[in-house]
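Peer 1: Build me a structure from this.
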Amino acid sequence: MAPSPVREVIQAAVDGTTLAVPTDVSDPTQVAAMVEQTVARFGRLDAAFNNAGTKGAWGPVGDLSVEDFDATIGVNLRCVWLCFQALRPAAMFDTAAM
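Peer 2: Below is the predicted model:
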């Protein structure tokens with residue numbers, strides 16, 4: 001049978017080498033808990049893929065309301081920043097560029 005990325009992910013879950021932590025990444029407390037659970041499970045954090053994002057309101061930037069702009073920036077920038085802030089103390093990789 002040919003290798004399959006989906007099959008590999010499923011096998012990793014069966015083998016216990018993955019961890020899913022449902023997290024509201026806009027909540028610093030939940031983000032910190034996500035990192036704590038990960039470190040508790042695996043003993044360290046070797047890498048991070050912070051990929052929170054939303055399309056947000058769509059249209060010319062000049063036509064967006066302040067609320068729509070803030071909501072989009074809140075997810076696309078602040079949530080990723082919160083994740084980096086929480087993982088930095090536990091990271092086993094060079095965080096100087098973060």
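Peer 1: Report the separation between Val35 and Asn76.
Peer 2: 20 Å (Cβ to Cβ, to the nearest Å). (Each C-beta comes from the backbone N, C-alpha and C, glycine too.)
Peer 1: CA atoms only for stretch 29-36 - export them in CSV, please.
Peer 2: C-alpha atoms of stretch 29-36 as CSV (Å, rounded to 0.1, in the frame of the first residue of the first chain):
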residue,chain,number,x,y,z
THR,A,29,-5.1,31.1,30.2
GLN,A,30,-6.2,28.4,27.7
VAL,A,31,-3.1,28.9,25.6
ALA,A,32,-0.8,28.5,28.7
ALA,A,33,-2.8,25.3,29.6
MET,A,34,-2.3,24.0,26.1
VAL,A,35,1.5,24.4,26.4
GLU,A,36,1.5,22.9,29.9
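Peer 1: Name the residues that touch the lengthiest helix in the chain?
Peer 2: Ranked by residue count and defined by DSSP state H, the top helix of the chain is helix 28-42. The contact list for helix 28-42 (Cβ atoms under 8 Å, 6 or more residues apart in numbering) reads 19, 21, 23-25, 45, 82-83, 85-87, 90.
Peer 1: same check, this time on stretch 68-84
Peer 2: Contacts of stretch 68-84 (Cβ under 8 Å, 6+ apart): 25-26, 28, 31, 48, 50-57, 61, 98.
Peer 1: Just the buried residues of these.
Peer 2: By neighbour count, with 16 or more other Cβ atoms under 10 Å, the contacts of stretch 68-84 hold 25, 31, 48, 50, 52, 56 as buried.
Peer 1: So which of these are in helices?
Peer 2: Using DSSP H, those in helices are Val31.
Peer 1: Quick check: the farthest pair among the buried ones among the contacts of stretch 68-84?
Peer 2: Ala48 and Gly56 (23.2 Å; Cβ to Cβ).
Peer 1: If anything else comes up later, I'll come back, but that's it for now.
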